[in-house]
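Asks: sharing a model that was predicted from the sequence below.
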Amino acid sequence: MDIHNKNILVVGLAKTGVACARFLALKGARVTVTDMRSETALAEQLAELAGYDIVRELERHDEATFLASDLIVVSPGVPMEMPQLVAAQRTGVEIISEIELAWRFINAPLAAITGTNGKTTTTTILGAIFKHNGYHTFVGGNIGNPLIEVAESHKIVDQVVAEISSFQLEWINSFRPTVAALLNLSEDHLDRYPNYKAYINAKLRIFENQTEEDFAVVNRDDPLVWQHAQALKASLFPFSRKVELEEGIFYRDGVITYRHDGHEECFPTAAIRLQGVHNLENIMAAAACALLLGCRPDETFETILCFESLHHRMEFVREVNGVCYYEDSKATNVGSVEKALESFTNITLIAGGKDKGGSYAPLVPLIKERVRHLILIGEAAERMEQELGKLTDTHRATTLEDAVRISSEITTSGDTVLMSPACSSFDMFRDYEERAQRFITAVKAL
């Protein structure tokens, strides 16, 4: 891709936009960056671009600049329906995402992970497996470092592992992973997409440019994933914790079995530190991607055995008076909470936050079966109480600390308190990490 002396506009100056602007400037492009925030608000980001010949258009988006560009690179947080982007697209200006730009400059095999839940855990496990197998590995994308940093770096990279969000897939046209994994699908980001189908279609674009030489690692147990997988051009490689597979990776009677081209590998799961049914799926998906891309079975299994939970994903906090407290602040949608509830019984569930527009109905059977007490917080509390409140003993709390206090008073020894919100955090907290820390602090103060 020749970008020397091209007029390239980078829209959005978060971490990804900064990395793209820097990369493009180093490649000799004439770069302009645009962001609605002020110079003061962007002081940190602009400091990273000091010394580069980059034009800044701040506190505005000039349509004329969009129309005069040879190429526009869009950051993941920017909606597709932005009027200036629509106008540029209408006049034939090429618009791409950061992962599309990066893909055009990456020479190593790419394993890309998407899905509503489990992306970060699966991506991190897979990266660890590659590293333990001796590969020079880059891990990033929607977590850690933007994918463009692979192209910018002069280091040797044998393998690229990327977590990919639906937002990042919106402006691709040739992005093609060697192995792409779709972990699951459940309602999410309906504050961004017009409907659930649009969200699903965005996720499925990860497979769009694959051929039969590539692999699609898909969840056989997720009806929506499996339904859409039938139309893919890539070689299907399913994973399942419910069905034995002739070709694929599956769990049965305490053993994960990998079968491919008549070859079989078996991994007993008893000693695996990472617990929870959702993590069994994440482990199988990561192992499938690794083995399909040439990792050795022994090193792969060693990595999985030693891997421990990431922060804020069903993380054990402490036991108080016989009650175990877990925080699952990263569970910002219903599908993620379903997996958490499947992992415990006799639960006091703390949930709520900023409503994301999806249905809470999938939680009904699990709440009936497993949740003894439901404590609701945040903007979504009223709607959640209307839809779920009659299913179990339900309480409202004004703060997260208040919810922890109530949970300590009503939960019986031997039961579990689980903070798994099913909502984003922005009504009460800066982000899910602050929410997690506030919960941990409150539990430790009991």
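Replies: Okay, I see it. Numbers count the residues shown, from 1 in each chain.
Asks: next, the residue most central in space within the chain: phi, psi?
Replies: For the chain, the residue nearest the mean C-alpha position is residue 119 (4.2 Å; CA atoms, centre = their mean). Main-chain torsions, residue 119, degrees, to the nearest 10: phi -60, psi -50.
Asks: go on, residue 373?
Replies: Dihedral angles (degrees, to the nearest 10) for residue 373: phi -140, psi 140.
Asks: cool, residue 216 as well?
Replies: When read as degrees, to the nearest 10, the backbone of residue 216 gives phi -110, psi 110.
Asks: nearest residue to it in space, please, no chain neighbours.
Replies: Nearest residue to residue 216 in three dimensions, chain neighbours excluded: residue 234, at 4.0 Å (CB to CB, 6 or more residues apart in numbering). In this view, the C-beta of every residue, glycine as well, is placed from N, C-alpha and C.
Asks: what residues are up against the one you found?
Replies: Neighbour list for residue 234: 180, 207, 210-212, 214-216 [criterion: CB atoms under 8 Å, 6 or more residues apart in numbering].
Asks: PyMOL command for the buried members of those residues?
Replies: Listed next is the PyMOL selection for buried residues among the contacts of residue 234, using 16 or more other CB atoms under 10 Å:
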select buried, resi 180+207+210+214+215+216
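Asks: and which of the contacts of residue 234 is nearest to residue 402?
Replies: residue 180 (43.5 Å; CB to CB).
Asks: tell me the SS of residue 374?
Replies: Under DSSP: H, G, I helix; E, B strand; the rest coil, residue 374 falls in the strand class.
Asks: what about this structure, any weak spots by pLDDT?
Replies: Residue ranges of the chain with pLDDT under 70: 189, 309-311.
Asks: quick one, domains of it?
Replies: Per automatic domain parsing, the structural domains of the chain span 7-92, 101-306, 315-444.
Asks: coming back round to it: I'd guessed the residue nearest to the centre of the chain sits against residue 163; true?
Replies: Yes: contact criterion CB atoms under 8 Å: residue 119 and residue 163 qualify, at 4.7 Å.
Asks: intersection of neighbour lists for the two?
Replies: Shared contacts of residue 119 and residue 163, counting by CB under 8 Å, 6+ apart, come down to 113, 142-143.
Asks: which parts of the biggest helix by length in the chain are buried?
Replies: Longest helix in the chain, counting residues (DSSP state H): helix 277-292. Residues of helix 277-292 classed as buried: 278-292 (neighbour count, 16+ other CB under 10 Å).
Asks: show the end-to-end separation of stretch 319-336, please.
Replies: 23 Å (CA to CA, to the nearest Å).
Asks: mind listing the helices for the stretch 301-446 of the chain?
Replies: 334-342, 364-370, 381-388, 400-410, 432-444 (DSSP state H, counting those that start in this stretch).
Asks: which of the residues in the third one are buried?
Replies: Translated: helix 381-388. 381, 384-385, 388.
Asks: same deal with the first one?
Replies: By neighbour count on 16+ other CB under 10 Å, the buried set for helix 334-342 is 334-341.
Asks: pipe these into CSV and attach distance to residue 103 per row.
Replies: Listed next are these as CSV, based on distance: CB to CB, whole Å:
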residue, distance to residue 103
334, 32
335, 28
336, 28
337, 33
338, 33
339, 30
340, 34
341, 37
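Asks: nearest to residue 417 among the residues you listed?
Replies: Set against residue 417, the nearest of the buried residues of helix 334-342 by CB to CB is residue 340 (12.1 Å).
Asks: surely residue 250 touches residue 265?
Replies: No: taking CB under 8 Å as the definition, residue 250 is not a contact partner of residue 265, at 11.9 Å.
Asks: intersection of neighbour lists for the two?
Replies: Common neighbours of residue 250 and residue 265 (CB under 8 Å, 6+ apart) are residue 257.
Asks: which of the two has more neighbours?
Replies: Neighbours per residue, other CB atoms under 10 Å: of residue 250 and residue 265, the larger number sits with residue 250, 21 against 17.
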